[in-house]
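kindly generate the corresponding structure for this input.
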Amino acid sequence: MTSPALSNAILCAGRLYCDLVFTGVPKMPAMNTEIFCDDVSLHAGGGAYITAAAFNALGWEACLLATLPASPFDTIVLRDIRKSGVATTHCKAAAYGDKPQITVAITGDDDRAFLSHKTGAALPDISIAEGTFRHLHIGELRSLIEHPDLVEKARDNGMTISVDCGWDEALMKQGSSLQPLLEKIDVFLPNESEYAHLVESGLREGAVPLTVVKCGGDGARALRGGKWISEPTVKTTVVDATGAGDAFNGGFLSSWLLGKVLDECLANGNRCGSASVQQAGGTGGLSRLRSEFGNATMRAAQ
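So this is what the prediction gives:
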């Protein structure tokens, strides 16, 4: 899968947001109406960061490749990233005059919705020193499309590659045209709705060596070699589902990189996703993972 000579550091690349999270929302708001929530909080967000935080909680060295949101939200985001232990050596400040990247996350008992603003390039242009990282995870499909050179850079350095999907209405209609790009990666991690739309628009099942479909409260399933494997998850009280799929990525990939069997990889992903939803923000519930699984993970990786 990957050379044992490579480090155990993981590079997670993708757009970085400041998440404004509303929890305890009785129903989704509609135009010309007003809804009141139970609580609100600000957090670092974006799929790449949340996956990096899950990796770090499990004992890996995780580094984020991203452009920081514009001021004043960069201060909030950097505070959270550093608190989670994720390295920011490959993060760059937003260009002067850029508007901030913000996501408004609205979470109810059975539903959630996001409203996001993005600006500028998803990622800063960097070189990757040989042997620095073991694996590249790209937090959303759109970032891969905007920076396709990342695949070549990673392969030149012996890295394996995974990509989450992320909901993008325009991309969901381009399954057949996206297939040549997705065939170049090792693991694709869409959720159930994203995967259904991509297949409907022409993506061939099995085009990626390993496809992992996240099914929320129903767990997850994986397709490899024409065979599906499913793993249920334990029922959990959900405070905020923001970033649960990204936390799942960290758990699944952590086990996959150690050569674990697929059902064990899926179970570890479910465990991380479940931990994530128990507090507001995508990473708040991940802190307990370090004491429970982090030491064992690093012993296995060495």
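
chain center to stretch 143-162, what's the gap?
Taking the mean C-alpha point of stretch 143-162 and that of its whole chain, the gap between them comes to 16 Å (C-alpha atoms, centre = their mean, to the nearest Å).

that one - what's its average pLDDT?
Here stretch 143-162 scores 93 as its mean pLDDT.

and that stretch, which residues are buried?
Under the neighbour-count criterion of 16 or more other C-beta atoms under 10 Å, stretch 143-162 has 143-144, 147, 150-151, 154, 157, 159-162 buried. The C-beta positions use only the backbone N, C-alpha and C, and glycine is treated the same way.

ends of it, how far apart?
With C-alpha to C-alpha, to the nearest Å applied, stretch 143-162 spans 12 Å between its terminal residues.

quick one on the thing from earlier: can I get the buried residues of stretch 143-162 in JSON lines including distance to K260?
Output for the buried residues of stretch 143-162, formatted as JSON lines (distance: C-beta to C-beta, whole Å):
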{"residue": "S143", "distance to K260": "27"}
{"residue": "L144", "distance to K260": "25"}
{"residue": "H147", "distance to K260": "29"}
{"residue": "L150", "distance to K260": "26"}
{"residue": "V151", "distance to K260": "25"}
{"residue": "A154", "distance to K260": "22"}
{"residue": "N157", "distance to K260": "24"}
{"residue": "M159", "distance to K260": "19"}
{"residue": "T160", "distance to K260": "14"}
{"residue": "I161", "distance to K260": "18"}
{"residue": "S162", "distance to K260": "15"}
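
now, the most widely separated pair of these?
With distance counted by C-beta to C-beta, no two of the buried residues of stretch 143-162 lie farther apart than S143 and N157, which are 18.5 Å apart.

what residue ranges in the stretch 101-250 of the chain score low on pLDDT?
Low-confidence segments of the stretch 101-250 of the chain, defined by pLDDT under 70, are located at 109-111, 236-243.

all strands of it, in order?
For the stretch 101-250 of the chain, strands defined by DSSP state E, counting those that start in this stretch occupy the ranges 102-107, 112-117, 135-138, 160-164, 187-189, 210-214, 220-224, 227-231.

nearest to L64, of those strands?
Proximity of these to L64 was assessed by C-beta to C-beta; the nearest stretch is strand 135-138, lying at 10.3 Å.

next one: S193 from D168, what distance?
Separation of S193 from D168 (C-beta to C-beta, to the nearest Å): 12 Å.

my guess is P100 contacts V77. True?
No - with contact defined as C-beta atoms under 8 Å, P100 does not count as touching V77 (9.6 Å).

between the two, which is the more surrounded one?
Between P100 and V77, counted using other C-beta atoms under 10 Å, the more crowded position is V77 (26 against 18).
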